[in-house]
Structures are given as C-alpha cells and as structure tokens.
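# Next input, structure requested:
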Amino acid sequence: MLIEDYFQEVRDIIEACSVVQLSNINYDTRSIYRGFMRGELNFSDGSVLYLREFVDVKTTLVREMYSYHYENASKNLIFRYDNTRHHKKLNLPNYPHHKHDGSEDNILTSNAPMLAEVLNEIARLLT
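Numbers count the residues shown, from 1 in each chain. As a prediction, this is how the structure comes out:
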C-alpha cells in the first residue's frame, strides 16, 4: 500500500461517518510509504475529536504514533487514546497503548483503536 492510498481510506472513513459535521485534516506525505496526519473533526453537539497519526504502510499498517483526543463543547476531556510512552509505571498489559477516560488521571489499558472504531464510539455517545 502507498501512503496516499491510506490517506484516501481515512478520507473515506470520515466522509462515511454520519455524525461528523466538519473535517479539517492535514495530510503530510513523508515518503511513498510514510506520512503524518493531524486535524480535527467537529460534531453537531459542539464536541471535537483532535487526531494525529504518524504511519508507515510499506508492508503492513504501522502507526508509530497516534492520538485521538475527544472533548466536549466546554473543552472537557471525554476520552483520549494514545500510545505515548508516559505510563510505564502503571504496568498496563498493552503498554504503551492506553485510554484516558473522562480525565487525564483515569488511565485504562487499551488496544490501539483505528479511527473507524473511535468514530463508532463517538457515534454511540451522541445517540
């Protein structure tokens, strides 16, 4: 797969998500296989998903870095998935993957969700 193909898949996922009202994503091609994307998705209730991914798609999809930060219209954290290596002391089974649920201090073990899964979670919260 080429990075542009992956970026198109992301665009298609966002476009297919009925709860997304506005999308502002910057796609930065670093090589034919590597890229960085950053941006935000806005929802009808004023909530926002800020996302970042640094990916390599040469042989399989490898997200070297990701963050999906979802907050309400008052800018309060609802959840954030990321793989930042700052919670090693918690001995999470899927370290460095984790979820901040409702606050920065409420840290749960997590798999590495894909954007489509995060959008499905948001859709469930909005309905």
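
# Residues contacting whichever strand or helix holds Glu9, please?
Using DSSP states H and E, Glu9 sits within helix 3-16. Helix 3-16 has contacts (Cβ atoms under 8 Å, 6 or more residues apart in numbering) with 20, 23, 25, 27, 29-35, 37, 41, 55, 57, 61, 115-116, 119. The C-beta positions use only the backbone N, C-alpha and C, and glycine is treated the same way.

# Setting the sequence-adjacent residues aside, check what's closest to Asn94.
Once flanking residues are discounted, Asn94 sits nearest to Thr109: 5.2 Å by Cβ to Cβ, 6 or more residues apart in numbering.

# isn't the one you found right up against Pro96?
No - the pair Thr109 / Pro96 is not scored as a contact, 10.6 Å apart, by Cβ atoms under 8 Å.

# Tell me what the most centrally placed residue in the chain is bridged to.
The residue lying closest to the centre of the chain (Cα atoms, centre = their mean) is Tyr68, at 3.1 Å. Tyr68 forms beta bridges with Leu51, Tyr81, as assigned by DSSP bridges.

# pretty sure it contacts Asn83?
No - counting by Cβ under 8 Å, Asn83 is not a contact partner of Tyr68; they are 10.5 Å apart.

# contacting residues for Gly49?
To be clear, residue 49 is Leu; Gly isn't right here. Residues near Leu49 by Cβ under 8 Å, 6+ apart: 40-41, 43, 68-70, 118-119, 122.

# before we move on, what SS does it have?
Classification of Leu49 by DSSP: H, G, I helix; E, B strand; the rest coil places it in strand.

# Can you list the residue ranges for helices in this structure?
Assigned by DSSP state H, the chain shows helices spanning 3-16, 115-126.

# so which of those comes closest to Tyr50?
Closest of the helices of the chain to Tyr50 is helix 115-126, at 11.2 Å (criterion: Cβ to Cβ).
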